[in-house]
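**Student:** sequence and predicted structure below; questions after.
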Amino acid sequence: MRTRQRGAARLASVAVVARLAPVAIVALIAAGGVAGCQSSSSSTEGAASTTPTHSSAPPVQAAAISVVPADGSTAVAVDQQVTVTAASGKLTDVAVSDVDGGTVAGNPGTPGVTWVTTGTLVPSTTYKVSATAINAAGQPTTVTSTFTTAAPTKVLGSKVAPLEGETVGVGMPIVVYFTAPVTDRAAVEKRLSVEESDPVLGAWHWYSSTEVHYRPAQYWPPGEEVTLNVNIKGVNAGKGVWGVNNRVVHFKVGDSHITTVDAKTDIMNVQVNGQTVKNVPVSLGRDKYPTTSGIHVVLEKSPSVVMDSATVGIPKGNPDYYYETVLWDVRISWSGEFVHAAPWSVADQGHSNVSHGCVNASTADAEWFYNLSRRGDIVQVINTPRPLQSGNGWTDWNMSWEKWLAGSALDGPSASPSA
């Protein structure tokens, strides 16, 4: 009987284990308590090792920027284009500037990838290049570099009349003298501009490759305020000549002083703003040395000048030679014509012409005229047999407006009303 009970107990025990096997096995595996489960655990690990795992993405490559000319380059040709290129990214900002802060224009060769200058570089100038690009993740990269351009073959400088702040007469031309010959006149003329408080019609006229004048179609209005801009920095004037500096000049036009000197009546009529203020007895050049007829512009004045006839072709030893200190001198031509004091010819003044070409007046009248006169005033001489030659002074007003326009390097724009 006992034997039968033990057998039954064993069978019951097996049945219980069979019913609980799934749970028990899991528990035993977790506890590591069944040796026979080691192979089952190994196969589970092997299966897990074939399942993909999540990891961080590789870093996005930074944008790379290259600049031509290379950083630190010297003697760079002024016609060299600055090229900025982005690799593995997109350009967002590019600037090329000189030491004065002036920028050079440019445009993208391939949008966002390359940038190329379209503006002109200036000789003997250091430039800074600054560029920023972003990569695919939007992360920025910025680079800076510098380079210096080569010196020009020749430098184009300028001298200007009138002077800064000067008050001038109504006939004063704007005169720009260049320090080197200008071959490309149109390129330079485009860089010259005139601004006026009361806009008038005006134009440039080239007298030579180194001298250009600007005048209105008519005399300047009294009270006109004028600004001249000589913006020749960076201009290629041709044959290796480059402008390197700009300049600005402001001047004002004073009262109208128009003087007419008549060689037949020997009277100098002086008008201020259209009204006669004085008729002065004068003596002009004798037949052998006639004063030149034409519209003269006052060039300069001096209270005292030593006049030596040898400088105008009358040498020492000639019966007409003179060497004299002369007072109250108002110059009207480069060849040596003045309105000046001549106490030695007072008896002839108003009656006959006895000078060597100057306009003689009494000391008192010459001093009065000297004090009235300023650069740019008009002195017109009439009724002499010798014409004033172009270039013998500022002879601009002896040229018709049509002929004046023909001396411009541009077809019309310079003759437009100034702004």
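**Tutor:** Everything's here; your move.
**Student:** please count neighbours and contacts with C-alpha atoms only from this point.
**Tutor:** Noted.
**Student:** okay, now the domains of this structure?
**Tutor:** 64-149, 154-254+402-415, 257-388 (automatic domain parsing).
**Student:** could I get the average pLDDT for the second one?
**Tutor:** Mean pLDDT, taken over the full extent of domain 154-254+402-415, equals 94.
**Student:** same thing with the last one?
**Tutor:** Mean pLDDT, taken over the full extent of domain 257-388, equals 97.
**Student:** ok now that domain, how far from the chain's centre?
**Tutor:** With CA atoms, centre = their mean, to the nearest Å as the basis, domain 257-388 stands 41 Å off its chain's centre.
**Student:** got it, and the shortest one?
**Tutor:** With CA atoms, centre = their mean as the basis, domain 64-149 stands 21 Å off its chain's centre.
**Student:** quick one, helices of the stretch 51-200 of the chain?
**Tutor:** Shown for the stretch 51-200 of the chain, the helices assigned by DSSP state H, counting those that start in this stretch span residues 185-189.
**Student:** JSON lines please, covering the domains of the chain and showing mean neighbour count and distance to Trp394.
**Tutor:** Conversion of these to JSON lines gives the following (neighbours: other CA atoms under 10 Å; distance: least, CA to CA, whole Å):
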{"stretch": "domain 64-149", "mean neighbour count": "18", "distance to Trp394": "33"}
{"stretch": "domain 154-254+402-415", "mean neighbour count": "19", "distance to Trp394": "7"}
{"stretch": "domain 257-388", "mean neighbour count": "19", "distance to Trp394": "6"}
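**Student:** quick one: which of those is nearest Pro58?
**Tutor:** domain 64-149 (12.0 Å; CA to CA).
**Student:** state the distance from Gly391 to Val122.
**Tutor:** Between Gly391 and Val122 the distance is 33 Å, computed by CA to CA, to the nearest Å.
**Student:** cool, and Thr259?
**Tutor:** Applying CA to CA, the value for Thr259 to Val122 is 47 Å.
**Student:** got the contact list for stretch 138-148?
**Tutor:** Stretch 138-148 has contacts (CA atoms under 8 Å, 6 or more residues apart in numbering) with 62-65, 67, 69-76, 124-134.
**Student:** just the ones of those residues in strands?
**Tutor:** Members of these lying in strands (criterion: DSSP state E): 64-65, 67, 73-76, 126-134.
**Student:** nearest to Glu337, of those residues?
**Tutor:** Distance from Glu337 was checked for each of the ones in strands among the contacts of stretch 138-148 by CA to CA. The minimum falls on Thr126, at 49.4 Å.
**Student:** distance check, that closest one against Asp348.
**Tutor:** When CA to CA is the yardstick, Thr126 and Asp348 sit 67 Å from each other.
**Student:** swap in Ala64?
**Tutor:** Separation of Ala64 from Asp348 (CA to CA): 89 Å.
**Student:** list the contacts for the residue nearest the centre of the chain?
**Tutor:** In the chain, the C-alpha closest to the average C-alpha coordinate belongs to Asn231, at a distance of 3.1 Å (CA atoms, centre = their mean). Remark: with contacts taken as CA under 8 Å, 6+ apart, Asn231 is in contact with Arg191, Leu192, Asn245, Asn246, Arg247.
**Student:** now tabulate those in JSON lines and tack on distance to His296.
**Tutor:** As requested, those are arranged in JSON lines below (distance: CA to CA, whole Å):
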{"residue": "Arg191", "distance to His296": "29"}
{"residue": "Leu192", "distance to His296": "25"}
{"residue": "Asn245", "distance to His296": "32"}
{"residue": "Asn246", "distance to His296": "31"}
{"residue": "Arg247", "distance to His296": "28"}
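**Student:** could you list which of those residues belong to strands?
**Tutor:** Among those, the residues falling in strands (DSSP E) are Leu192, Asn246, Arg247.
**Student:** so what's Ala95 up against?
**Tutor:** Thr103, Val104, Val129, Ser130, Ala131.
**Student:** ignore the last one, Val326
**Tutor:** Taking CA under 8 Å, 6+ apart as the definition, contacts of Val326 comprise Ser304, Val305, Val306, Met307, His340, Ala341, Ala342.
**Student:** before we move on, what about Ala161?
**Tutor:** With the criterion set at CA under 8 Å, 6+ apart, Ala161 makes contact with Pro173, Ile174, Val175, Val176.
**Student:** now Ala310
**Tutor:** Contacts of Ala310 were listed using CA under 8 Å, 6+ apart, and they are Lys316, Tyr321, Tyr322.
**Student:** checking my notes, it in a helix, right?
**Tutor:** Yes: the assignment for Ala310 by DSSP: H, G, I helix; E, B strand; the rest coil puts it in a helix.
**Student:** against His351, how distant is it?
**Tutor:** 28 Å.
**Student:** could you do Val241 as well?
**Tutor:** Taking CA to CA as the criterion, Val241 is separated from His351 by 55 Å.
**Student:** just Ala87 next, same as before
**Tutor:** Taking CA to CA as the measure, Ala87 and His351 are separated by 90 Å.
**Student:** again, but for Gly102
**Tutor:** Using CA to CA, Gly102 is found at 64 Å from His351.
**Student:** ditto for Met307
**Tutor:** In this structure, Met307 and His351 are separated by 24 Å, where distance is defined by CA to CA.
**Student:** ok, now Ala203?
**Tutor:** In this view, Ala203 and His351 are 41 Å apart by CA to CA.
**Student:** test my guess that Leu327 contacts Val339.
**Tutor:** No: when contacts are counted by CA atoms under 8 Å, Leu327 is not listed as touching Val339 (9.9 Å).
**Student:** for Val96, what are its contacts?
**Tutor:** With contact set as CA under 8 Å, 6+ apart, Val96 has these partners: Thr103, Val104, Ala105, Tyr127, Lys128, Val129, Ser130.
**Student:** tell me the one among these nearest to Pro152.
**Tutor:** Each of the contacts of Val96 was checked against Pro152 using CA to CA; the closest is Tyr127, at 15.9 Å.
**Student:** ok, the contacts of Val96 vs Ser197, which is closest?
**Tutor:** For those, with Ser197 as the reference and CA to CA as the criterion, the closest is Thr103, at 29.7 Å.
**Student:** who's the closest one bridged to?
**Tutor:** Beta-bridge pairing for Thr103 (DSSP bridges): Ser97.
**Student:** for Val359, see how far away it is.
**Tutor:** Note on Thr103: its distance to Val359, by CA to CA, is 55 Å.
**Student:** check Gly169 too.
**Tutor:** Using CA to CA, one obtains 20 Å as the distance from Gly169 to Val359.
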